[in-house]
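>>> below are the sequence and a predicted model; questions follow.
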Amino acid sequence: MQAAFSIIFNQRNFMKTLKYIALIIGAFALFVFGTNKVIEVNRAAKINERFAADSEAAVFSATSKAFTEDTYFRGRRRSAGIVYRADLTYTTADGRTVNVSGVPISTGERDLLNLSNKIQCLYLKSDTQQVLCKGGAEMNESSSYTYAIMAYIVAIILLYGVYEEYKRDNGKDEDDDDDVEFA
């Protein structure tokens, strides 16, 4: 009984098991990261598609000089940039004046609003409360699937490495002829 216990729970097997678990958790985290990037890119594409199909440009002016500063993140610790939120007023093509609050704008657009009190943005004809400025958070989303593809590739490589190492550790390596053993 004690021999079986020592075989199962000896330090070498325990460390191998921990290594397998850590690599599998890392691969899972990369799959989650890649899926998050795919969702982010699809969201940005959907917003851009809506504005490309049904938008109109207008000159916006700030209702006040007070801007709210937002930091948006890419990942846990790294800040991707600062976006300001402003309360804006504009006149639609049919002459209606619309007030919109919390529109994301870039630092350059904020400076332009402070200087001339006018910037050009897009609004949806069907929903005049939906506004998109060029430097807003939606436009700064990643425009390609590069990060997602790389995360998926690294996750697959990790999982394949775990599989190969498990096979080798358990003596199930079919191609023993090319294994090199060093003394």
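Everything's here; your move.
>>> and residue 90, how many neighbours?
Other residues within reach of residue 90 by the criterion other Cβ atoms under 10 Å amount to 22. Where you see a C-beta, it was placed from the backbone N, CA and C, and this is true even at glycine.
>>> wait, I meant residue 132
Count around residue 132 with other Cβ under 10 Å applied: 19.
>>> residues in contact with stretch 162-171?
16, 20, 23, 24, 27, 173 (Cβ atoms under 8 Å, 6 or more residues apart in numbering).
>>> let's go with 7 Å and repeat that
16, 20, 23, 24, 173 (Cβ atoms under 7 Å, 6 or more residues apart in numbering).
>>> show me these that map onto helices.
16, 20, 23, 24 (DSSP state H).
>>> got the confidence number for the second one?
What it means is residue 20. pLDDT for residue 20: 88.
>>> how close does the spatially most central residue of the chain sit to residue 151?
Closest residue to the average C-alpha location of the chain: residue 37 at 4.2 Å, with Cα atoms, centre = their mean. Note on residue 37: its distance to residue 151, by Cβ to Cβ, to the nearest Å, is 7 Å.
>>> thinking again about what came up before, so the residue nearest to the centre of the chain sits in a helix?
Yes: secondary structure of residue 37 (DSSP: H, G, I helix; E, B strand; the rest coil): part of a helix.
>>> pretty sure it contacts residue 148?
Yes: here residue 37 reaches residue 148: they are 4.0 Å apart, a contact under Cβ atoms under 7 Å.
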